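>>> Just a sequence and a predicted model for now, questions to come.
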Amino acid sequence: MSVSIGELAVRFGCELRGDPGVAVERVATLADADAQSVAFVANPRYRAQLGATRAAVVVLDEASAAGCPCAALISANPHATFARIAAVLHPAPAGTPGVHPSAILAPGAQVDPTAHIGALCVIGAGARIGARAYIGPQCLIEDGVQVADDVRLVARVTLCRGVTVGERTVIQPGAVLGGDGFGFAQDAGRWLKVPQTGGVRVGVDVEIGSNTTIDRGAIEDTVIEEGAKLDNLIQIAHNVRIGAHTALAACVGVSGSTSIGQRCMIGGQVGIGGHLTICDDVMITGCTMVSHSVSRPGVYSGGIPLEEAHTWRRLVGRFKRLEALATRLKSLERRSGSAEDLDEDDD
Amino acid sequence: MSVSIGELAVRFGCELRGDPGVAVERVATLADADAQSVAFVANPRYRAQLGATRAAVVVLDEASAAGCPCAALISANPHATFARIAAVLHPAPAGTPGVHPSAILAPGAQVDPTAHIGALCVIGAGARIGARAYIGPQCLIEDGVQVADDVRLVARVTLCRGVTVGERTVIQPGAVLGGDGFGFAQDAGRWLKVPQTGGVRVGVDVEIGSNTTIDRGAIEDTVIEEGAKLDNLIQIAHNVRIGAHTALAACVGVSGSTSIGQRCMIGGQVGIGGHLTICDDVMITGCTMVSHSVSRPGVYSGGIPLEEAHTWRRLVGRFKRLEALATRLKSLERRSGSAEDLDEDDD
Amino acid sequence: MSVSIGELAVRFGCELRGDPGVAVERVATLADADAQSVAFVANPRYRAQLGATRAAVVVLDEASAAGCPCAALISANPHATFARIAAVLHPAPAGTPGVHPSAILAPGAQVDPTAHIGALCVIGAGARIGARAYIGPQCLIEDGVQVADDVRLVARVTLCRGVTVGERTVIQPGAVLGGDGFGFAQDAGRWLKVPQTGGVRVGVDVEIGSNTTIDRGAIEDTVIEEGAKLDNLIQIAHNVRIGAHTALAACVGVSGSTSIGQRCMIGGQVGIGGHLTICDDVMITGCTMVSHSVSRPGVYSGGIPLEEAHTWRRLVGRFKRLEALATRLKSLERRSGSAEDLDEDDD
């Protein structure tokens, strides 16, 4: 795909400084770009690399433009503009409309004629695949599943019974939507499975990463609202709700019936307990344990950065003796007669 | 499926208060139930919703029964009784007996005629599939694997060579049993693979969640005992033993050769080191690091709940200076002559 | 497979104490070995079991040899020698050369005639499969992917466009290489997908565990260097580099653009932030949060071992009040006139 930078300027509303007839074919980093490449600067700390780039054109903001040694596409949001240009130059592989002869469609599966069904897919009775949907190879779409228009299942995605997926949503390989929730009743020292009868509702413009799992609801549905972005290896338990435009980094676990608000950002490996409510606009940094609800927008943390092992062991030892340390302090306070301090720490 | 509540009372030994001829068709929450629904109250905090329910019947205990505005099925264990009723009203999809024409069976694969083998399954030589087993689409069952009667592999389950699965066990999509354990010998600065020659033995009535991985043993087998329940995205390393009726929540990792006892409950994202022994009846709360064995039943923890980021940073700073703080305290104690405290903290 | 211990001694350069004509057929633990088994002692704490073994031969070092009740193969590195012997006695299942009739090869897929392609594999246009490669059942190898000689994809491995895999690399079931990186630009309160145009380059002699995910690069490639070993359920984000001979235990997450050096050892469930650099020869113990770069070889930690829940709750309470405790200490110091301590802790 080759596009003139003049056309890019017009399509994406950028000011162009340079020759509009220059053609570009691909995106590149500032360092690796050549005369057919578009690069970008979204973060000021990369400005230092700008002067040496050999790119055809760089997408950047007004403040960075002065240092640009080549053509410039000036944008108030260079990262977003770059994303749109990259989507033009590197479109996702389009499947040819139609069903691969090796795919297994049950009687009653409804596939839009413009949809692409890849090799060795299995599509169950009553499932519906929308217009222009791309169903990559080896996907499994069980009975009755609804896949809306323009959905993209990259490959080997599993959608179990009771799952619905909204328009333009993208799901990466290995993701499993609609596996049973982890519901068991105690019964005389044994666990008795509680049938999981809910489904999974995924909104429009959602992205779900590789090998992420989203369980069906116990009775009602598990819900991923529009625009939410889930990275790889995330666990979403039954009856969780992820709010619109919320992003979860990899390896996050969200326990059952927890609700996360809109526009939240959850860092990698965060663990979130069950039956909690996280309000809108909460950011939680990586490796944090969330064991209570959060009702005020803001940034929250809970991880302690590493130390050299020897130092760390001493710190852990101190931590484990905090009770004794507090007792000694209280004892000293008593001797020194600073009685006003005693109440504060009484327990 | 429609069943009279009179029949449910008889089958599950409940006292019925109400018209035995009323028919129900599905389970529902108290809030969403209608005149064809069964709801339940297992937790007293849901009693508040009981008065407004429009359910046909509610499963509850004697203590909650007074507030029930409709028919009541009274049970000493409402959650377990509800689970049994749900299994009647919402049976797991039954596969028709027989092998889907697209499945690939190696010569010598033994499939019971009452078993269901779904589309695009691969079953290896010498594998044995028991009576009434349900093998969902796209499962892989390698050579010699033993799958007992009434096992349910929901879909896309991988059972590698050397795996055996006991009666009635359920495995969710994407689970991998029998991948190689992580065994390497150091050899002149390189890692040399140690062939993993053990298998995986899974007992009866086990449940294994989506995308969970259970490695084959290095020499002896990895073992999951009867009734154990494993949630999604769990890692079970080689030669681990999980005791009977023990439940592991999602994202738990158990390192090699560790043995977990019976009736334990392990919270989400718990990390358990290698070569440890956890005794029976241990509960470990979520996000805990387990780096030593546990020899006494009880509840154990190791996670610190989140704080606002600014507060958390100050706490981490204090933590990192605990050594200095302890030194200062000791110095004050010396001045004040409280010599008896010095020994306790000497290191 | 049956081999004489004399032949093993010659092939692997061991001193043999015993009858070279004795034949062995399998490996076993010291405790379970019989007269056809090879066992080994690499760790002195297993020497206690040595005296009672019924093995045909034990691989061990000179220091352990005195206590050996049977034939001995003496090696400076018994673990590595045992690994080599195990590979002789228990070779990985060899596939017959050729393509299973159920596999789907796109026109233009190049498969070496000595390679094995298992049942229901999908191989895309322009993909290349090298000599003696073993591609187990249900693997997906997308267009243009390069799989070098002697690679082993155990089963159900997904290699998306832009992935290359070096000689002798082994990938376990469920692993996904080349899923999209998690790249989104903020755009008026919504996330806009940034097309991920890089690939994944995996070196020679790498091992990748079950259900591990390695994302394609955003623009440049994600790189796993030669000899690196990745356990199960690991997340490698876009543009990460894992150095040669580095080993990552299960459930580790590495965020985008981070570089890990050579010969590192990363424990289970370690979480590593983005844009960091970990130098060569770093060991990080399990459950550690890595939020800054590490520039000095050594051992690092960050996890706090569990306690009984009651004790833990008190410690967490003390931790949360560390700020107050430090304030009280400072106040006492002021009274006692130990002014030299004040500066050290000023903040």
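Received it, and whenever you're ready, just let me know what you need.
>>> Is any residue of stretch A:170-182 near chain C?
Yes. Applying CB under 8 Å from any CB of the partner chain, one finds stretch A:170-182 touching chain C at A:Val170, A:Gln172, A:Pro173, A:Gly174. For glycine as for every other residue, the C-beta is placed from the backbone atoms N, C-alpha and C.
>>> Would you list the phi and psi of the third one?
In this entry, A:Pro173 is assigned phi and psi values of phi -60, psi 140 (degrees, to the nearest 10).
>>> What is the neighbour count of it?
A:Pro173: 30 surrounding residues under other CB atoms under 10 Å in any protein chain shown.
>>> Sticking with A:Ala125, tell me its helix or strand.
For A:Ala125, there is no host helix or strand (DSSP states H and E).
>>> Show me where the stretch 101-250 of chain A dips below the pLDDT cut-off.
The model of the stretch 101-250 of chain A has no residue with pLDDT under 70.
>>> Please list the residues of it that sit near chain B.
By the rule CB under 8 Å from any CB, the part of the stretch 101-250 of chain A lying against chain B is A:104, A:120, A:122, A:138, A:140, A:142-143, A:156, A:158, A:160-161, A:174, A:176, A:179-180, A:182, A:184-187, A:189-195, A:197, A:211, A:213, A:215, A:219-220, A:233, A:235, A:237.
>>> which of the residues of stretch A:170-182 next to chain C sit farthest apart?
A:Val170 and A:Gly174 (13.6 Å; CB to CB).
>>> between those two, which one's more packed in?
A direct count of neighbours by other CB under 10 Å for A:Val170 and A:Gly174 places A:Gly174 higher, at 30 against 21.
>>> hang on, A:Val88 packs against A:Val3?
Yes. With contact defined as CB atoms under 8 Å, A:Val88 and A:Val3 form a contacting pair (6.1 Å).
>>> so A:Arg201 sits in a strand?
Yes. Using DSSP: H, G, I helix; E, B strand; the rest coil, the assignment for A:Arg201 is a strand.
>>> Looks like it contacts A:Val223 (just checking).
Yes. Using CB under 8 Å as the test, A:Arg201 is close enough to A:Val223 to be in contact (5.0 Å).
>>> Can you pull the residues of the stretch 151-300 of chain A lying near chain C?
Neighbours of chain C within the stretch 151-300 of chain A, by CB under 8 Å from any CB: A:154-156, A:170, A:172-174, A:205, A:207, A:209-211, A:227, A:229, A:231-233, A:245, A:247, A:249-251, A:263, A:268-269, A:286-287.
>>> let's see it at 6 Å
Near chain C, the residues belonging to the stretch 151-300 of chain A are A:155-156, A:172-174, A:210-211, A:227, A:229, A:231-233, A:245, A:250-251, A:268-269, A:286-287 when assessed by CB under 6 Å from any CB of the partner chain.
>>> and A:Ala23, how many neighbours does it have?
A total of 13 residues lie near A:Ala23 under the criterion other CB under 10 Å.
>>> Would you mind measuring from the spatially closest residue to it that is not a sequence neighbour to chain B?
Leaving aside its chain neighbours, A:Ala23 sits nearest to A:Ser2 (4.9 Å; criterion: CB to CB, 6 or more residues apart in numbering or on different chains). Per CB to the nearest CB, to the nearest Å, A:Ser2 is found 40 Å from chain B.
>>> State the number of residues packed around A:Ser2.
Neighbour number of A:Ser2 under other CB under 10 Å is 9.
>>> How confident was the prediction at A:Arg47?
pLDDT for A:Arg47: 83.
>>> I'd say A:His238 and A:Gly181 touch.
Yes. If you go by CB atoms under 6 Å, A:His238 and A:Gly181 touch, sitting 2.7 Å apart.
>>> any common contacting residues for those two?
Common neighbours of A:His238 and A:Gly181, using CB atoms under 6 Å, 6 or more residues apart in numbering or on different chains, are A:Asp215, A:Ala218.
>>> Name the residue in these two with the higher neighbour count.
Neighbours were counted for A:His238 and for A:Gly181 using other CB under 10 Å; A:Gly181 has more, 30 against 26.
>>> In strands, which of the residues of stretch A:170-182 next to chain C appear?
Secondary structure assignment (DSSP state E) places A:Val170 from the residues of stretch A:170-182 next to chain C within strands.
>>> Kindly tell me how buried the nearest residue to A:Val59 once chain neighbours are set aside is, as a neighbour count.
Setting aside the residues directly before and after it, A:Val59 is nearest to A:Phe40 in space (CB to CB, 6+ apart), at 4.0 Å. By other CB under 10 Å, 30 other residues sit near A:Phe40.
>>> can you check A:Pro69 too?
Using other CB under 10 Å, A:Pro69 has 12 neighbouring residues.
>>> show me the contacts for it.
Shown in contact with A:Pro69 (CB under 6 Å, 6+ apart): A:Gly51.
>>> Checking it next. Helix, strand or coil?
Recorded secondary structure, A:Pro69: coil (three-state DSSP).
>>> any idea how far it is from chain C?
Taking CB to the nearest CB, one finds A:Pro69 at 19 Å from chain C.
>>> same check, this time on A:Thr169
In this view, A:Thr169 and chain C are 11 Å apart by CB to the nearest CB.
>>> Separate out the buried members of the residues of the stretch 101-250 of chain A next to chain B.
A:104, A:120, A:122, A:138, A:140, A:142-143, A:156, A:158, A:160-161, A:174, A:176, A:179-180, A:182, A:184-185, A:190-195, A:197, A:211, A:213, A:215, A:219-220, A:233, A:235, A:237 (16 or more other CB atoms under 10 Å in any protein chain shown).
>>> Go through those residues and flag which are in strands.
A:104, A:122, A:140, A:158, A:176, A:179, A:184-185, A:190-193, A:213, A:215, A:235.
>>> what's the most distant pair in the residues you listed?
A:Ile104 and A:Arg190 (37.6 Å).
>>> Next up, the contacts around A:Gly271.
By CB under 6 Å, 6+ apart, the residues touching A:Gly271 are A:Gly253, A:Met289, B:Gly268, B:Gln269, B:Gly286, B:Cys287.
>>> Identify the bridge partners of it.
Each beta-bridge partner of A:Gly271 is listed here, defined by DSSP bridges: A:Gly253, A:Met289.
>>> ok, now A:Arg152?
Per DSSP bridges, the residues bridged to A:Arg152 are A:Tyr134, A:Val170.
>>> Next, name the residue at the spatial heart of chain A.
Nearest residue to the geometric centre of chain A (CA atoms, centre = their mean): A:Leu230, 2.6 Å.
>>> follow-up on the earlier one: which pLDDT value does the model give the residue nearest to A:Ala23?
pLDDT recorded at A:Ser2 is 92.
>>> Just the helices from chain A, written as ranges.
Assigned by DSSP state H, chain A shows helices spanning A:5-12, A:47-50, A:62-65, A:78-89, A:309-320, A:322-336, A:340-344.
>>> Which elements pack onto the second one?
Right, the one you point to is helix A:47-50. For helix A:47-50, there is no helix or strand it packs on, judged by 3 or more CB pairs under 6 Å, 6 or more residues apart in numbering or on different chains; DSSP states H and E.
>>> and it, C-alpha only, in CSV?
This file holds the C-alpha atoms of helix A:47-50, laid out as CSV (Å, rounded to 0.1, in the frame of the first residue of the first chain):
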residue,chain,number,x,y,z
ARG,A,47,12.7,14.2,20.3
ALA,A,48,16.4,13.6,20.6
GLN,A,49,16.1,10.9,18.0
LEU,A,50,14.1,13.1,15.7
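>>> And stretch A:150-170, what's buried?
Buried residues in stretch A:150-170, counting neighbours by 16+ other CB under 10 Å, are found at A:150-170.
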